[in-house]
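Participant: Next come a sequence and a model predicted from it.
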Amino acid sequence: MILVPLEFKEMCTRFQLASLSYHGSPEAMIASVLKRSGDQRKKVIKEFLSDLLSGKYDNEEISAIWNSAGSDFLFQSHEDLFLFLGMIQERT
């Protein structure tokens, strides 16, 4: 089992469908969520995402982490989830 940092879980709870509607795009929603995170939190999230997206974990493990992290923002495919996580990683 992968140890998921609290910082990542707390960030994920802010990704909600209503938030996407309000912000209008995934990029704007990510920017808004990360804007409320301090530098140390961003560092923890970035390091976790670097590990998570490194190729060590399979699609099911990554999806399970996302699905259990508290967001109601769901994805149609693993590729869409990986793109979203990559966008978060780039902005941290």
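Facilitator: Cool, got the structure.
Participant: From the contact counts, what lies against the helix or strand bottoming out on mean pLDDT in the chain?
Facilitator: Ranking every helix and strand in the chain by mean pLDDT, DSSP states H and E puts helix 17-23 at the bottom, with a mean of 81. Judged by 3 or more Cβ pairs under 8 Å, 6 or more residues apart in numbering; DSSP states H and E, helix 17-23 is in contact with helix 26-35. C-beta coordinates here come from the backbone N, C-alpha and C atoms, glycine included.
Participant: Buried ones in the following helix or strand past the helix it packs on, by neighbour count?
Facilitator: Counting by DSSP states H and E, the next helix or strand C-terminal to helix 26-35 is helix 39-52. Across helix 39-52, burial judged by 16 or more other Cβ atoms under 10 Å covers 41-42, 44-46, 48-49, 52.
Participant: again, but for stretch 24-40
Facilitator: 26, 29-30, 33-34, 37.
Participant: now these in JSON lines, with pLDDT?
Facilitator: Putting those into JSON lines (pLDDT from 0 to 100) gives the following:
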{"residue": "P26", "pLDDT": "90"}
{"residue": "M29", "pLDDT": "92"}
{"residue": "I30", "pLDDT": "94"}
{"residue": "V33", "pLDDT": "92"}
{"residue": "L34", "pLDDT": "94"}
{"residue": "S37", "pLDDT": "90"}
